[in-house]
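Engineer: Model the structure of this input:
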Amino acid sequence: MKNTVLTVMLSLAFIGTGCLTNEQVEPEIIIEPVALIPVSRDSITVGGHLGIKIDADAEDVYEILKSLPEGSGIRYVNVVGNIFSNVQQLDNRIHLYESIFLDEQKGTDSGVQIAFKEGKVSSIYLNNGNKLAQWPLKENQSASVRIGDASDALYGKLVKIQGKSSYANKFQRISMFTKDLWSHYDPIMTDSPQWYLRYAVEPKLYEHIQIYFESGKVKYLLVTRELDPS
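Structural biologist: Numbering: from 1, shown residues only. A predicted model of the protein is given here:
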């Protein structure tokens, strides 16, 4: 009798374990980035740095950044204040960037973050961290952004989505801050007061470069050197 009970208990335990294994989801491993140690900080108002000259035009600066060596680690430049209030301002522009954020004037948990990789939509998140396969969830293919969509084909979809009253408020504040350096210059960048990027001087030594503009020309540079202690 004891053997029979033990066999049943082991069988139930095996079944229970099997069920748990099938339902469990592998936890995502989060690796905290290493805190960089500041080494130096310089403000440059005369001459220049990395070929970026004081008083240079914004478009010329962009071409210089594109020409920096591949080993420098520069793939994109961050553009401060690159914010729009109507999707019609984005025609022939979205694919030049690495992401686009859609939200109301006052930030919300349901704001939308759409990222691109190799010319296609690679991820869609809400500000609350929820990951989506498409946005909006209940719209058909022609009126929703979906994983795998070509970034240069999103404009038409976003125009349709903005035209729906349920989603129009998510276009009150449209942000495109991360400019892909492999794409051509976007003239709207000339209006930005600041660009910034990180440059690899050598392994584990980086420069955080802030480029400040006034009337479309370089006013000064702020260069912070940082060391990776790992």
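Engineer: going forward, measure contacts between C-alpha atoms and count neighbours the same way
Structural biologist: Fine.
Engineer: Is the spatially closest residue to residue 51 that is not a sequence neighbour in a helix, a strand, or coil?
Structural biologist: Leaving aside its sequence neighbours, residue 51 sits nearest to residue 64 (CA to CA, 6 or more residues apart in numbering; 6.8 Å). Classification of residue 64 by DSSP: H, G, I helix; E, B strand; the rest coil places it in helix.
Engineer: if I look at residue 64, how far off is residue 77?
Structural biologist: Relative to residue 77, residue 64 is positioned 12 Å away (CA to CA, to the nearest Å).
Engineer: And the two? Which one has more around it.
Structural biologist: Taking other CA atoms under 10 Å, residue 64 and residue 77 do not tie; residue 77 has more neighbours (21 against 14).
Engineer: Let's see the pLDDT reported for that one.
Structural biologist: In this model, residue 77 is scored at 96, pLDDT.
Engineer: Check which helix or strand it maps to.
Structural biologist: Here residue 77, judged by DSSP states H and E, is contained in strand 76-79.
Engineer: okay, and for this protein, where does confidence drop off?
Structural biologist: Low-confidence segments of the chain (pLDDT under 70): 1-32, 71.
Engineer: And it, split by domain according to the record?
Structural biologist: 37-82+178-230, 83-176 (automatic domain parsing).
Engineer: Spell out for me which residue occupies the centre of the chain.
Structural biologist: residue 99 (4.8 Å; CA atoms, centre = their mean).
Engineer: Now do the contacts for that one.
Structural biologist: By CA atoms under 8 Å, 6 or more residues apart in numbering, the residues touching residue 99 are 113-116, 176-178.
Engineer: which one of those residues is nearest residue 190?
Structural biologist: Closest approach between those and residue 190, by CA to CA: residue 177, at 13.2 Å.
Engineer: any chance you could map the helices in this protein?
Structural biologist: In the chain, the helices defined using DSSP state H lie at 2-23, 58-67, 154-162.
Engineer: what helices or strands is the last one leaning on?
Structural biologist: Which is helix 154-162. Taking 3 or more CA pairs under 8 Å, 6 or more residues apart in numbering; DSSP states H and E as contact, the helices and strands that helix 154-162 lies on are strand 145-146.
Engineer: what's the strand it packs on packed up against?
Structural biologist: The contact analysis (3+ CA pairs under 8 Å, 6+ apart) places strand 145-146 against strand 134-135, helix 154-162.
Engineer: repeat that for 10 Å
Structural biologist: Contacting strand 145-146 under the criterion 3 or more CA pairs under 10 Å, 6 or more residues apart in numbering; DSSP states H and E are the following elements: strand 120-126, strand 134-135, helix 154-162.
Engineer: Of all these, which one comes closest to residue 205?
Structural biologist: Closest among those, using CA to CA: strand 120-126, at 30.0 Å.
Engineer: hmm, back to that, might one say that the residue nearest to residue 51 is in contact with residue 50?
Structural biologist: Yes: counting by CA atoms under 10 Å, residue 50 is a contact partner of residue 64 at 8.3 Å.
Engineer: gap between the two ends of stretch 130-142?
Structural biologist: 22 Å.
Engineer: same question, stretch 101-113
Structural biologist: Stretch 101-113 has an end-to-end distance of 5 Å (CA to CA).
Engineer: Flag every buried residue along it.
Structural biologist: Using 16 or more other CA atoms under 10 Å as the test for burial, stretch 101-113 gives 101-104, 110-113.
Engineer: got it, and stretch 211-228?
Structural biologist: 211-214, 216-227.
Engineer: one step back: and the strand holding residue 77, how far out from the chain middle?
Structural biologist: How far strand 76-79 lies from its chain's middle: 10 Å, per CA atoms, centre = their mean, to the nearest Å.
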